[in-house]
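> Need coordinates for the below:
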Amino acid sequence: MALKARIIGTGSYLPERVLSNSDLEKIVETTDEWIVTRTGMKERRIARSDEFSSDMGIHASRAAISDAGLSVDDIDFILVATTTPDYLFPSTACLIQHGLGAQHAGAVDLLAACTGYLYALSVAKAFVEAGMYRNVLVVAAEKLSAITNYKDRSTCVLFGDGAGACVVSSAGKGLAISNIRLGSDGEQAQFVIMPAGGCRMPASVDTVQNDQHFIRMAGSETFKHAVRRMESACKGCLEDAGLAESDISWLIPHQANLRIIEAIAKRFEHLPPERIYKTIHKYGNTSSSTIGIALDELLKQSQVKNGEHILLTAFGSGFTWGAALLTAGDGL
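Model prediction:
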């Protein structure tokens, strides 16, 4: 019998500190009305100065492993999606492996920006269904406040910190990972970028003085691509599964901007607005971890019934994009 990958446990973590719109009004020239109107964001979470992506990932991982009814020793492999690794090397995945005490697990980082959770989910699915590993821990952890320029009002209002995690397994009850569609377009790489810090532009006095170690984004161009690409990935994912839009019970889009979420929602006429899960108003854009955090909250707060379908979709720097279809099974 063919193995089927499923999510058998989820977890998330958000820092205690809240950065509200009124707080941002004191830092940069902006207003609460301007931020809410253009982004839908009211507040976001900010990690402590001594709290990093690996720390947040460990918290979310422990919650996911516990939710799955497993111990750390049951984890065979750790996949970490992050745009803000603790270091360029060693990997954040290895730091999380050590922090958890997962002595028998391999570990590696994966970079696909805001689409990272879906890319990691696809690798975990492949590992499990190939019979290579039984239990794969997927973690998405971001400390975006570390690469956000709080002098740039076009970007500093958008980003927050947090982590989401899940256990993908070949055994147990949970959400079957039915289909995944992924895409990329490197021709658009300059639209969302942190220019310095890699081998193309190593750190120097000039790169620091010119604020090139912060996120830079062409918002309008990104918006147009995001809506079109996420819609295409979603429709393709449903087509692969032989499902119609009306078969979807929940849509969890990447929490980048409320206008993008609303534009995606218009493409799903049969899905009521209350079935589009949003966390953007309280957490902002936490890049790769937005979907993991939202999925964990949805499963903890709402009763997902057997046979219901959850559609995940994201878009990020690269450009990268994707969609994943989850189907609830016995035990939820």
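
> Which strands or helices does the top helix by length along the chain pack on?
In the chain, assigned by DSSP state H, the helix with the most residues is helix 219-241. Applying 3 or more Cβ pairs under 8 Å, 6 or more residues apart in numbering; DSSP states H and E, we find helix 219-241 packed against strand 175-184, strand 248-253, helix 258-266, strand 309-316, strand 320-328. From N, CA and C alone the C-beta is placed, and that goes for glycine too.

> Tell me, how many residues neighbour Ser220?
Residues lying near Ser220 (other Cβ atoms under 10 Å) number 8.

> quick one: pLDDT of it?
Ser220 carries a pLDDT value of 87.

> Next, the contact list for it, please.
Applying Cβ atoms under 8 Å, 6 or more residues apart in numbering, we find Ser220 in contact with no residue.

> Check Asn135 too.
Contacts of Asn135 (Cβ under 8 Å, 6+ apart): Ala68, Leu70, Asp74, Ile75, Asp76, Phe77, Val167, Val168, Ser169, Ser170.

> And those, which is closest to Leu271?
Of all the contacts of Asn135, Val168 has the smallest distance to Leu271: 25.6 Å, by Cβ to Cβ.

> where does the closest one land in three-state SS?
Three-state call for Val168 (DSSP: H, G, I helix; E, B strand; the rest coil): strand.

> ok, and the closest non-adjacent residue to it?
Leaving aside its sequence neighbours, Val168 sits nearest to Ala124 (Cβ to Cβ, 6 or more residues apart in numbering; 3.9 Å).

> quick one: that neighbour and Val138 touch, right?
Yes: counting by Cβ atoms under 8 Å, Val138 is a contact partner of Ala124 at 5.1 Å.

> The two: which is more packed in?
Val138 (30 against 25).

> follow-up on the earlier one: tabulate the helices and strands packed on helix 219-241 (a markdown table), appending distance to Ser53 and mean neighbour count.
Formatted as a markdown table, the helices and strands packed on helix 219-241 follow (distance: least, Cβ to Cβ, whole Å; neighbours: other Cβ atoms under 10 Å):
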| stretch | distance to Ser53 | mean neighbour count |
| --- | --- | --- |
| strand 175-184 | 23 | 20 |
| strand 248-253 | 22 | 22 |
| helix 258-266 | 24 | 17 |
| strand 309-316 | 16 | 26 |
| strand 320-328 | 19 | 26 |
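
> which stretch among these comes nearest Ser289?
Closest to Ser289 of those, according to Cβ to Cβ: strand 309-316, at 10.7 Å.

> Pull the distance from that closest one to the chain's centre.
10 Å (Cα atoms, centre = their mean, to the nearest Å).

> follow-up on the earlier one: which two of the contacts of Asn135 lie the greatest distance from each other?
Ala68 and Phe77 (14.3 Å).

> The longest helix of the chain relative to strand 320-328, how many degrees between them?
40 degrees (axes from the mean of the first three to the mean of the last three Cα atoms, to 10 degrees).

> possible to save the helices and strands packed on helix 219-241 as JSON lines with distance to Ala146 and mean pLDDT?
Shown next, in JSON lines, are these (distance: least, Cβ to Cβ, whole Å; pLDDT from 0 to 100):
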{"stretch": "strand 175-184", "distance to Ala146": "25", "mean pLDDT": "97"}
{"stretch": "strand 248-253", "distance to Ala146": "25", "mean pLDDT": "97"}
{"stretch": "helix 258-266", "distance to Ala146": "24", "mean pLDDT": "95"}
{"stretch": "strand 309-316", "distance to Ala146": "17", "mean pLDDT": "98"}
{"stretch": "strand 320-328", "distance to Ala146": "21", "mean pLDDT": "98"}
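
> quick one: which of those is nearest Ser49?
Across the helices and strands packed on helix 219-241, Ser49 has its closest neighbour in strand 309-316 (26.1 Å, Cβ to Cβ).

> Can you give the strand pairings for the closest one, parallel or anti for each?
Here strand 309-316 is paired, per DSSP bridges, with strand 248-253 (parallel), strand 320-328 (antiparallel).

> before we move on, the earlier item: phi, psi of the residue nearest to Val168?
Here is the backbone geometry of Ala124 (degrees, to the nearest 10): phi -60, psi -40.
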